[in-house]
Structure formats: C-alpha cells, structure tokens
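# Following is a predicted model, sequence given first.
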2 protein chains.
Amino acid sequence: MEKNYKAVIAYDGTRFFGWERQPDRETIQGKLECVLSELAGGPVEVIGAGRTDAGVHAKAMTANFHLDTTLTPEGVRDYCNRYLPDAIAVREIREASDRFHARYKAVGKTYRYTCFDGAVKPVFDRRYVTMLDFHPDLEQMRAAAAVLQGEHDFGSFCGNPRIKKSTVRVVDSIEIVRRKDYIYFTFHGTGFLQNMVRILVGTLLEVGRGRLAAEQMSNILEVRDRKCAGPTAPPEGLCLIKVDY
Amino acid sequence: MEKNYKAVIAYDGTRFFGWERQPDRETIQGKLECVLSELAGGPVEVIGAGRTDAGVHAKAMTANFHLDTTLTPEGVRDYCNRYLPDAIAVREIREASDRFHARYKAVGKTYRYTCFDGAVKPVFDRRYVTMLDFHPDLEQMRAAAAVLQGEHDFGSFCGNPRIKKSTVRVVDSIEIVRRKDYIYFTFHGTGFLQNMVRILVGTLLEVGRGRLAAEQMSNILEVRDRKCAGPTAPPEGLCLIKVDY
C-alpha cells in the first residue's frame, strides 16, 4: 500500500544546478527521484518545501513522496544514502499523514548566510562561505535589517521579473552576528521569493560597506524595483537551515 | 637579500598526492614551490615539518623557505594565496632566523583523527571524517591507548618495511573523546613514523570493535612486526593540527 513519507535532506549544493529537477542537469530533486524511482520500480515525485538555487546548500530541506515499499522508513533512508551521491544525505525519513505536503504545509523557513572577512580563505569550509574583501559595519547592517523585518512587499528583492503573484512576504527576524572572521545572517520568515535571501544579503552588504544607508531601506521597499536593491549575493554562502510545519 | 621565512599552511588534502613533491603529480609542496618560484624568478625549496600522506589534511603544517623579495611577509602570503589552489592556504608568514629549519627544529606534533559512527554521513565534512559501520568501545580503546603512550619502539606501527633508522618514538599522549557521532583521536608526540598515526588508529579501532584486546598492545609493540598491528586507517580522517618548535 502506498504511504506518504516525510524526509529531511542535507546537501552540499556546490556542484548541483539547484533543487529543482531539470532535464540533463544534476539537481537534488532529480537525484532523489532517480534513486526512489529505482526503489519503487516506477516514477516517484519528490515534493520539496521550496526550491534552492544552483550552488545553495541545505542542512534540513524537507520533502515528501509517496511510495509503496516493504522497507521500514530507516530502510528507505539507508537505501537512498547508499545510492545518492556523497554530497546529498537523507537524514531522516518518517511516515506522514496522507495530507502532509512539504510545500503547502510549510509555515516557516530559516536560512543562514555565511560571510568571511578574514585575510585568508578558510580551507575546510571554503565551499560554504562567501569571501568579503572589506569589513562590513555590523551596526549599520543591523539598522537596515530592522527596517526590512516584518510584512512588506518585497518586489525589489525578487529575482523573477515576470512574477505574477503577490510579492508580499513576512520576514519575522533578521539576525546578524559575528564570530571571529565569520559573519552569519540568519533569516526567519513564512516564505521567501526567488533569490530573496541573496538579494537581502547583497543589499545589507552594500549598507555594511557604506554604499547604501540604512535609511534608504524603506524607499527601496516602496519602489518595488529590483534595480534599486543591492546585487544578488553569491550562492555558496547560503544554506537552508530548517523548515517549520 | 635572501631571507628565511616560516610559513603556516592549511590544506584539504583530498585531491592531492600528499605533501612531498613528485614529478607529474599534484602535491602540496609541489604547488607551494611552483608559486614561490614564480615569485622569486628562480627555484625555491620549501621545507616542511614532515610529510603527510596522500589524502591527509593539515590545519597548520609548518614550513620554511629562503626568498629574496621586496614584498612584506603579508605580501608574500597574499601572493601565494592568490595563485595557490583553493584547497591550500598560507595562513601566516613570518621572517625567521637563518637557523630556523621546519623539519630539524620541530620538537613535537599534534595529529587529530576523526571518525563518525552515526547512521547518516555528514554532508558538510564528509571529506574530513572516516565513516565507521560499528560503534567502538571507547573505554577499551582508551585502555589500549594508555599502553601505547610513552617511549617505545613503534616498528609494528611503521608503514615503511625498509626503514633503516631507529623506529623508537615518544608519544606523549593519546586522547580519545566522543562528541555526538564524532570520535576524535588526538596524538601528541615528538615525531611519528610513516603511516604511524593511521596504523595506531587502525589498531585502536580493532580494539574498539573487540577484535583485539587492550592487553595485546604490549605484545604488538614487542614483536616489532607490522603484520601484528591493525590495518592502516584511511587518510581522510587524519589532520596535522600543530607543529611545536
């Protein structure tokens, strides 16, 4: 009998073309569907909580899929991990109710963006940080982040110019902390637009280097024009940390 | 005027054939000498504190080299980091006395070996841990480590069967700790034979899984026969942490 499974997945997105399945390109969803379809002996669709861009990582992407198998959930997990590339790991699989849907039932997400502004690139996590060639002013960035928090039309922070649906989103919190040469931006919100976290970080870094002022944030939100926000920060510093249900 | 420089180097050894220069193979020493020779406009020899095997990492390998340059030590460091592969970083360069020699003046070394015995391979440091398919008994391993500590003839723990020189070494301490699914073996000693740390770990893991008893360690030391010790643990879990002068 077919059951619905909830899975928590970690991946190093460096060499992948993002989460979403694409013909002839290696993606996380594509790899998972390939392995699960092999197990099922027929096509399996994996529904992710969201899509991550090419090069973006996840500690805990959540997904669901329907499968008819005699294996236990741990058995499915181990099967996946045996055949998935090393850069993708299914951390946990549980049976879920039939109504569980990884995208529609998600009520919040946490993303972390990591920058490094030391003189020497850290060798062991070089794939998971964005190198800065300046030392951003954290107080100014925090002032700007305070304006960006809350419910706003984030049209200026959307990477998809042809978006038809509402660009209103709620960002509950933006936390910026430094630990030695690492600067961590942690975003929690109910949902994020395409590239939104990376554009927020790109904009905050412009504030941090003095090219934009914290006071300009309200105006950037108001105009709803992508060109007025900062650049899209590179993907390697971004990691999906958690999905809430 | 030629000066002697002391450098501290970190590297992810995954894709390299070890520290030591080899014709037609990518090695850490080879890469460093290539970049420094370019800077010097003539051959530069880089002397490392020791040699690490293919696939072994370092947080702080120490080396020295002679160079005639108008650059400051920071300038030499930045030059190196600009041209070295991402997996190698010169963390620090200082002028040293003419008598400083990274190998002869080293008085101690710290190595750490990291194992992981959780069910799911950790994606983000998968290159820096050795996966175990069993849960080793830490108490038994510590009892065995206590016997191996001290000054001994480590002939049974040497990967070079044709070694002519003395195989007596002093291992001051072997510490074994668990943090969640990670098990860290930390070795400090005045010097180590070829593959010695990996063979010590391979032997301790045999004790940890019950195939060897802690009581057999004295005998293994006594016979000075490589075949009596455990297997050579894989390189990916090993990291040179520090060199003392």
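Looks like it came in fine. Bear in mind the structure is a predicted one, so any value in this text is a computation, not a measurement.
# going forward, measure contacts between C-alpha atoms and count neighbours the same way
Will do.
# give me every residue that touches A:I47.
A:63-65, A:101-103 (C-alpha atoms under 8 Å, 6 or more residues apart in numbering or on different chains).
# Please disregard the earlier target; I meant A:D68.
Per C-alpha under 8 Å, 6+ apart, neighbours of A:D68: A:1-3, A:40.
# and the gap between it and A:K3?
Per C-alpha to C-alpha, to the nearest Å, A:D68 is found 6 Å from A:K3.
# Ok, A:V123 next?
From A:V123 to A:K3 the distance is 43 Å (C-alpha to C-alpha).
# how's chain A carved up into domains?
As assigned by automatic domain parsing, chain A contains the domains A:3-96, A:108-244.
# interface residues of chain A facing chain B?
Within reach of chain B by C-alpha under 8 Å from any C-alpha of the partner chain, chain A has these residues: A:10-12, A:81, A:86-91, A:120-124, A:126.
# Could you identify the least confident member of those?
Comparing pLDDT over those, the lowest score belongs to A:K121 (92).
# Return the alpha-carbon coordinates of stretch A:84-103 using PDB.
Backbone C-alpha positions of stretch A:84-103 (Å, rounded to 0.1, in the frame of the first residue of the first chain) are rendered in PDB as follows:
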ATOM      1  CA  LEU A  84      22.800   9.000  -3.600                       C
ATOM      2  CA  PRO A  85      26.000  11.000  -4.400                       C
ATOM      3  CA  ASP A  86      28.100  11.800  -1.300                       C
ATOM      4  CA  ALA A  87      27.000  15.400  -1.400                       C
ATOM      5  CA  ILE A  88      23.400  14.500  -0.600                       C
ATOM      6  CA  ALA A  89      22.200  12.700   2.500                       C
ATOM      7  CA  VAL A  90      18.700  11.800   3.700                       C
ATOM      8  CA  ARG A  91      19.000  12.500   7.400                       C
ATOM      9  CA  GLU A  92      15.600  11.200   8.400                       C
ATOM     10  CA  ILE A  93      12.500   9.600   7.000                       C
ATOM     11  CA  ARG A  94       9.200   9.200   8.700                       C
ATOM     12  CA  GLU A  95       5.700   8.100   7.700                       C
ATOM     13  CA  ALA A  96       3.500  11.100   7.400                       C
ATOM     14  CA  SER A  97      -0.200  11.600   7.200                       C
ATOM     15  CA  ASP A  98      -1.700  11.400   3.700                       C
ATOM     16  CA  ARG A  99      -2.400  15.100   4.000                       C
ATOM     17  CA  PHE A 100       1.200  16.100   4.600                       C
ATOM     18  CA  HIS A 101       2.600  18.200   1.800                       C
ATOM     19  CA  ALA A 102       6.100  19.600   2.200                       C
ATOM     20  CA  ARG A 103       5.400  22.800   0.300                       C
END
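# which residues touch it?
A:3-13, A:28, A:31-32, A:35, A:47-50, A:62-64, A:73-74, A:76-77, A:80-81, B:120-124, B:126.
# which SS class is A:V170?
State at A:V170, reduced to three classes by DSSP: H, G, I helix; E, B strand; the rest coil: strand.
# and it, what is it in contact with?
Counting by C-alpha under 8 Å, 6+ apart, the residues that A:V170 touches are A:149-152, A:189-191.
# Of those residues, select the buried ones using a ChimeraX command.
Buried subset of those, written as a ChimeraX selection, criterion 16 or more other C-alpha atoms under 10 Å in any protein chain shown:
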select /A:149,152,189,190,191
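# Just give me the closest of the contacts of A:V170 to B:V107.
A:G189 (53.3 Å; C-alpha to C-alpha).
# Can you identify each of the helices in chain A by residue range?
For chain A, the helices defined by DSSP state H cover A:28-40, A:73-83, A:138-148, A:196-208, A:217-223.
# Contacts for the second one next, please.
Contact with helix A:73-83 is made by A:5, A:32, A:35-36, A:88-95, B:120, as judged by C-alpha under 8 Å, 6+ apart.
# May I ask which two of these are separated the most?
The largest separation in the contacts of helix A:73-83, counting by C-alpha to C-alpha, is between A:I88 and A:E95 at 20.5 Å.
# Looking at these two, which one has more neighbours?
The neighbour comparison of A:I88 against A:E95 (other C-alpha atoms under 10 Å in any protein chain shown) goes to A:I88, with 25 against 16.
# Low-confidence stretches in chain A?
Within chain A, no stretch has pLDDT under 70.
# can you give me the strands for it?
A:3-11, A:47-48, A:57-67, A:88-96, A:108-116, A:130-131, A:150-153, A:168-179, A:182-189, A:238-244 (DSSP state E).
# Show me which residues of stretch A:59-78 are buried.
A:59-67, A:73, A:76-78.
# And the furthest pair within the residues you listed?
A:K59 and A:L67 (23.8 Å).
# if we can go back for a sec, I'd like the strands of chain A as CSV, with distance to A:G230 appended.
Shown next, in CSV, are the strands of chain A (distance: least, C-alpha to C-alpha, whole Å):
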stretch, distance to A:G230
strand A:3-11, 27
strand A:47-48, 28
strand A:57-67, 22
strand A:88-96, 31
strand A:108-116, 16
strand A:130-131, 16
strand A:150-153, 16
strand A:168-179, 17
strand A:182-189, 16
strand A:238-244, 16
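# Tell me which of these sits nearest to B:T114.
The nearest among the strands of chain A, by C-alpha to C-alpha, is strand A:88-96 at 19.2 Å.
# how many degrees apart are that closest one and helix A:28-40 in direction?
Taking axes from the mean of the first three to the mean of the last three C-alpha atoms, to 10 degrees, strand A:88-96 and helix A:28-40 form an angle of 60 degrees between their directions.
# in its sheet, what does strand A:88-96 sit against?
strand A:3-11 (antiparallel) (DSSP bridges).
# then the strand it pairs with to PDB, C-alphas only?
The C-alpha coordinates for strand A:3-11 follow below in PDB (Å, rounded to 0.1, in the frame of the first residue of the first chain):
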ATOM      1  CA  LYS A   3       2.300   5.600   2.000                       C
ATOM      2  CA  ASN A   4       3.300   9.200   2.300                       C
ATOM      3  CA  TYR A   5       6.800   9.800   3.700                       C
ATOM      4  CA  LYS A   6       8.400  12.900   5.100                       C
ATOM      5  CA  ALA A   7      12.100  13.300   4.600                       C
ATOM      6  CA  VAL A   8      14.700  15.600   5.900                       C
ATOM      7  CA  ILE A   9      17.600  16.100   3.500                       C
ATOM      8  CA  ALA A  10      21.100  17.700   3.800                       C
ATOM      9  CA  TYR A  11      23.100  18.600   0.700                       C
END
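# Give the buried residues for it.
Neighbour-count burial for strand A:3-11 [16+ other C-alpha under 10 Å]: A:4-11.
# residues contacting A:E175?
Counted by C-alpha under 8 Å, 6+ apart, A:E175 has contacts A:142, A:145, A:184-187.
# Can you tell me which of those is closest to A:S218?
Once C-alpha to C-alpha is applied, the member of the contacts of A:E175 that ends up nearest A:S218 is A:A145, at 10.7 Å.
# Which residues are in contact with the spatially most central residue of chain A?
By C-alpha atoms, centre = their mean, chain A has its centre lying nearest to A:L240, at 3.8 Å. Counting by C-alpha under 8 Å, 6+ apart, A:L240 touches A:56-61, A:109-112.
# Mind checking which of these are buried?
A:56-61, A:109-112.
# Among these, which one lies nearest to chain B?
The shortest approach to chain B among the buried ones among the contacts of A:L240 belongs to A:K59, at 8.5 Å (C-alpha to the nearest C-alpha).
# wait, that closest one sits on A:K242?
Yes - contact status for A:K59 versus A:K242: in contact at 7.3 Å, counting by C-alpha atoms under 8 Å.
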